[in-house]
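1. Give me a 3D structure for the following:
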Amino acid sequence: MKKRLSIVLAISLFWFWGLSRPVHAQENSELYLETIGTLSAQGILITYLAIGVLGDGYEKNVYEKDFILNLVTQIINVTEAAKKQTNRLQSSGMAPGESNIKYLYELSETYDLLMEQSLAFKSYVITANPEHVTIFHEKRNAAWKKIAKLLDIK
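-> As a prediction, the model looks like this:
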């Protein structure tokens with residue numbers, strides 16, 4: 001009798017465990033997506049600010065040219081990597097739902113603008129061509145519009 005009860009109890013536990021696993025997986029998936037959203041929001045905002053601070057610092061001769069070029073290259077590389085991962089996530093199907101897909105698409109476009117802004121700044125530092133300053137400000141304004149929309153900044 002005890003053996004039969006143990007078997008029934010074990011089967012019941014496995015059955016309930018099996019039913020509860022998808023719920024936990026779904027909760028974990030939502031947690032991952034929320035975390036990715038939060039970290040990406042922080043990333044685009046900080047990237048935007050860092051590029052601006054570097055630009056201001058260069059304009060006021062606070063930073064050496066080599067320091068600026070090294071740092072802006074790092075920003076471009078990290079932003080490019082973030083965009084690639086965002087695109088991988090978007091195409092993987094691991095972020096289902098229209099709002100997630102739209103967020104990832106807008107995020108990818110924002111990364112493009114931040115990279116274009118960074119490249120224009122880098123080109124200006126290298127060449128001193130004022131055309132790059134114009135491009136820098138155009139991309140900066142466009143990036144801010146995207147960031148403000150994504151983060152609901154008024």
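2. what's residue 43 in contact with, if anything?
-> residue 82 (CB atoms under 8 Å, 6 or more residues apart in numbering). All C-beta atoms are positioned from the backbone trio N, CA, C, and that covers glycine.
3. Which of the three states applies to the spatially most central residue of the chain?
-> Nearest to the mean C-alpha position of the chain, counting by CA atoms, centre = their mean, stands residue 40 at 3.0 Å. Secondary structure, DSSP: H, G, I helix; E, B strand; the rest coil: residue 40 is helix.
4. cool, and residue 153?
-> Secondary structure for residue 153, judged by three-state DSSP, is coil.
5. Mind listing what's buried along stretch 34-42?
-> 36-37, 40-41 (16 or more other CB atoms under 10 Å).
6. Present the residues you listed as JSON lines; the columns should include distance to residue 90 and pLDDT.
-> Formatted as JSON lines, the buried residues of stretch 34-42 follow (distance: CB to CB, whole Å; pLDDT from 0 to 100):
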{"residue": "36", "distance to residue 90": "11", "pLDDT": "86"}
{"residue": "37", "distance to residue 90": "13", "pLDDT": "87"}
{"residue": "40", "distance to residue 90": "12", "pLDDT": "93"}
{"residue": "41", "distance to residue 90": "16", "pLDDT": "93"}
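7. Out of the helices and strands in the chain, which is least certain?
-> Each helix and strand of the chain was given a mean pLDDT (mean pLDDT, DSSP states H and E); the minimum falls on helix 2-59 at a mean of 72.
8. tell me the pLDDT at residue 100?
-> With respect to pLDDT, residue 100 scores 85.
9. actually residue 142, not the one I wrote
-> Residue 142 is given a pLDDT of 98.
10. Next up, identify which helix or strand the residue nearest to it when sequence neighbours are not counted is on.
-> Among residues not flanking residue 142 along the chain, residue 113 sits closest, at 5.1 Å (CB to CB, 6 or more residues apart in numbering). Assigned by DSSP states H and E, residue 113 belongs to helix 98-127.
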